[in-house]
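Engineer: Give the three-dimensional model of this entry:
(one chain, ligands or ions: 1)
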Amino acid sequence: MARSRIEPPKRQGLTEPSLDDLLASIRACTLCRDNPLGPPLPVTPRPVLQLDPRARILVAGQAPGTRVHASGQPFTDPSGIRLREWMGINETVFYDPACVAVVPMGFCFPGQDAKGGDLPPRRECALKWHNRLFTAFQKPDLTLAVGLHAVRYHIALRGHPDLNGPALGPMVENWRAILDATDVMPMPHPSWRNNHWLKKNPWFGLELLPELRRRVALILKKQGREVHKGGAAV
Ligand code: SF4
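Structural biologist: A predicted model of the protein is given here:
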């Protein structure tokens with residue numbers, strides 16, 4: 001199967017639909033049901049994302065799993081609990097669309113492989129929607145790119161494909177340079193599947209996460225939201 005490369009948007013010469021129009025079209029999308037680039041989705045398409053133009057923090061994840069597909073709300077699973085811990089915020093802040101946008105690389109649950117692992121995000125999604133979406137959405141102050149697909153896409157989107165690497169680990173290790181150049185924080189997925197990697201790389205908790213929490217709190221403070229111990233906000 002031919003694999004076309006997902007390019008970041010060209011910002012000139014596009015007729016730009018409004019964000020509201022795009023979101024309405026995305027929520028009605030059934031493209032993968034009809035199998036353009038892979039097997040049909042194993043479930044009825046249910047795009048899951050959270051996007052409001054006021055949000056200055058973007059969480060760019062992979063794709064919904066079974067629990068998120070069932071709830072229709074992003075990160076309603078153990079990975080979400082860990083991700084909010086990493087960010088230093090609670091559910092109230094995370095699910096306030098004026099604070100946090102959540103835009104995965106694939107909006108619908110892609111199905112599972114023979115070992116029960118989630119399949120990668122559907123490529124149709126980024127090819128059809130993401131460039132248009134990120135043309136309409138003002139660049140956020142901070143992007144948490146969670147997982148390889150999101151890291152690569154968002155680094156290239158900010159005009160720094162030179163900072164992309166062959167694997168996620170080295171890119172997360174290079175987080176300071178990537179963050180300085182792009183405002184993208186490259187992150188592993190908060191899934192339990194990465195427990196071994198997290199254990200082997202204690203600098204992630206000691207160095208990266210404190211900086212992540214500092215930046216998240218600063219952005220929320222600029223929006224008039226104070227983050228207190230435990231992630232509560234007012
Ligand atoms: S994964 Fe994306 S492209 Fe595919 S049906 Fe869902 S919204 Fe449409």
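Engineer: Would you mind listing what in the protein touches the ligand?
Structural biologist: For the chain, the residues in contact with the ligand (CB under 6 Å from any ligand atom) are 26, 29-32, 45, 47, 106-108, 122, 124-125, 128. Every residue, glycine included, has its C-beta placed from N, CA and C.
Engineer: quick one: the most centrally placed residue in the chain and the ligand, what's the gap?
Structural biologist: Compute the mean C-alpha point of the chain, and by CA atoms, centre = their mean the closest residue is Ala60, 1.1 Å away. Per CB to the nearest ligand atom, to the nearest Å, Ala60 is found 14 Å from the ligand.
Engineer: what's the closest residue to that residue other than its chain neighbours in contact with, if anything?
Structural biologist: Taking CB to CB, 6 or more residues apart in numbering as the measure, Ala60 lies nearest to Ala150, with 4.2 Å between them; neighbours along the chain are not counted. For Ala150, the contacting residues are Ala60, Gly61, Gln62, Pro104, Met105, by CB atoms under 8 Å, 6 or more residues apart in numbering.
Engineer: out of the residues you listed, which are inside strands?
Structural biologist: Ala60 (DSSP state E).
Engineer: Using CSV, lay out the contacts of Ala150 together with pLDDT.
Structural biologist: As requested, the contacts of Ala150 are exported to CSV (pLDDT from 0 to 100):
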residue, pLDDT
Ala60, 98
Gly61, 95
Gln62, 95
Pro104, 97
Met105, 97
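Engineer: picking up where we left off before, which among the residues of the chain next to the ligand end up buried?
Structural biologist: Buried positions within these, assessed by neighbour count (16 or more other CB atoms under 10 Å), are 26, 29, 31-32, 45, 47, 106-108, 122, 124-125, 128.
Engineer: Let me know the closest of those residues to Glu173.
Structural biologist: For those, the closest approach to Glu173 (CB to CB) belongs to Gly106, at 25.7 Å.
Engineer: if I pick that closest one, what's in contact with it?
Structural biologist: With CB under 8 Å, 6+ apart as the criterion, the residues that contact Gly106 are Gln62, Ala63, Pro64, Pro120, Pro121, Arg122, Cys125, Ala126.
Engineer: Could you tell me which of those belong to helices?
Structural biologist: Cys125 (DSSP state H).
Engineer: from the contacts of Gly106, which single one is nearest Trp197?
Structural biologist: For Trp197, the closest of the contacts of Gly106 turns out to be Gln62, at 15.4 Å, with distances computed as CB to CB.
Engineer: Just the pLDDT at the closest residue to the closest one other than its chain neighbours, thanks.
Structural biologist: The spatially closest residue to Gln62, leaving aside those adjacent along the chain, is Gly147, at 4.3 Å (CB to CB, 6+ apart). Model confidence at Gly147, expressed as pLDDT, equals 94.
Engineer: on that earlier part again, dump the buried ones among the residues of the chain next to the ligand to TSV, plus pLDDT and distance to Pro78.
Structural biologist: Written out in TSV, the entries for these read as follows (pLDDT from 0 to 100; distance: CB to CB, whole Å):
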residue	pLDDT	distance to Pro78
Ile26	97	26
Cys29	96	28
Leu31	93	29
Cys32	92	26
Pro45	95	24
Pro47	97	22
Gly106	97	20
Phe107	97	21
Cys108	97	20
Arg122	93	23
Glu124	92	28
Cys125	93	24
Lys128	95	30
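Engineer: Quick check on the closest residue to Thr182 other than its chain neighbours: phi, psi?
Structural biologist: Closest residue to Thr182 apart from its sequence neighbours, by CB to CB, 6+ apart: Arg158 at 3.8 Å. Backbone dihedrals for Arg158, given as degrees, to the nearest 10, come out at phi -90, psi 10.
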